[in-house]
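Colleague: Kindly generate the corresponding structure for this input.
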Amino acid sequence: MIMASYKMKEDLFRHITAKEFISLDVDKYTIVDLREPDEVVTGRIGGSINIPFSVFYSELDRISKEKPVIVYCRTGEWSEEIADILTDRGYDVINLDGGYQAYRECMKIHEEAENKAQENRTETILIDARNLKCPGPVVKVADLLRKKPTGTKAIVKATEEAFYSDIRAWCECTGNHLDSINIENGIITAEITKGNFTESSFDITKHNEKTFIVFSGELDKTIAAFIMANGAAAMGRNVTMFFTFWGLNVLRKPEKTKVKKNLTERLFGLMMPKGTKKLGLSRMNMGGMGADMIRSVMKNKGIRSLEELIDDAISHGVRLVACQMSMDIMGLRREELIDGIELGGVTTFLASCERADMSLFI
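Modeller: Purely as a prediction, here's the structure:
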């Protein structure tokens, strides 16, 4: 039944305004668009069937009498004539006053009101990423926005110059919208609206995982690997890090673990660094002094240590895989590795590569 708010006129059929129409459950009505095809291409009411006025009589049998019929044309004049004809033939007819033109104007006002109401409901959060170093600022933004609803506003302040470029790239890859960004007195302020990942300019149907082979086991190279892995995780990508040969030393526990080994395996264990604190640099190691200097500089500049980067990676779902074959060669046991590690072989690694668009050998 049509609502009582419909205006009754001298016509035998009923009338409805555009404002009343947009609140209807249109599934309960048959909606007929009487405009010509060249007018329909500019827009139409969803769910309507197009029966042009010029061929209406020959197409009349397409209209069912099972539901009330709402007719509209461009301005509402032609549809009144058709409403008269349909009423005479026993249809329950309603004319959309003002036609599609009135409907479009009403929808514009309605959408603007909805958008304004949404803005009033939108939460705005402040993210202080000052003094954090790469990938810290982007990781913090990703963590705080991850569980927020679409439309959430974020105002981010950072001091690392690279953030100016990084946050642009992050928004582009994750479907979030960078509303504005500026630098003043050394502080970068970015305003972001959380979007939908499916709105990203990247084709998310393609393989876009990231895979890293950590082979060298040197401090500087391992730090670089985990910085990139954490950055990829912050972009919502699945990341696999495959540790083989000397890279396995990164995963060793620093404390002594009682496991049964033969002489060769024990010698390997004694000669290899036990855990991240014992890793040397690939250049200017200077008997371990270089590694200590790098760690000191990182701490003074607020850069997260390798140990913290590893914890971040595990907590963000980065997959750490130890090569079983390399462990067997070097005499390492599962009990000697840190928690959060899985064992795998070449097939595990190659499978992750096939899902990835980038594989790095470090």
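Colleague: Just to be sure, Glu172 is in a helix?
Modeller: Yes: the assignment for Glu172, made by DSSP: H, G, I helix; E, B strand; the rest coil, places it in a helix.
Colleague: Now tell me what touches the helix or strand Asn182 falls within from outside.
Modeller: Using DSSP states H and E, Asn182 falls within strand 177-184. Strand 177-184 has contacts (Cβ atoms under 8 Å, 6 or more residues apart in numbering) with Lys153, Tyr164, Ile167, Arg168, Cys171, Ile188, Thr189, Ala190, Glu191, Ile192, Thr193, Gly195. For glycine as for every other residue, the C-beta is placed from the backbone atoms N, C-alpha and C.
Colleague: list the buried ones in the very next helix or strand once past that strand?
Modeller: Going down the chain from strand 177-184, the next helix or strand is strand 187-193, by DSSP H and E. For strand 187-193, the neighbour count (16 or more other Cβ atoms under 10 Å) marks Ile188, Ala190, Ile192, Thr193 as buried.
Colleague: ok, so what distance separates the last one from Asp179?
Modeller: Spelled out, that is Thr193. As judged by Cβ to Cβ, to the nearest Å, Thr193 and Asp179 stand 6 Å apart.
Colleague: and for those two, which residues touch both?
Modeller: Lys153.
Colleague: His110: how many residues sit nearby?
Modeller: 14 (other Cβ atoms under 10 Å).
Colleague: err, Gly90, not the other one
Modeller: 8.
Colleague: can I assume it is in contact with Ser64?
Modeller: No: applying Cβ atoms under 8 Å, one finds Gly90 not in contact with Ser64, separated by 11.9 Å.
Colleague: Give the buried residues for the least confident helix or strand in the chain by mean pLDDT.
Modeller: Scoring the helices and strands of the chain by mean pLDDT, DSSP states H and E places helix 263-271 at the bottom, with a mean of 79. By 16+ other Cβ under 10 Å, the buried positions in helix 263-271 come out as Glu265, Gly269.
Colleague: Show me what that helix is packed against.
Modeller: The helices and strands touching helix 263-271, judged by 3 or more Cβ pairs under 8 Å, 6 or more residues apart in numbering; DSSP states H and E, number zero.
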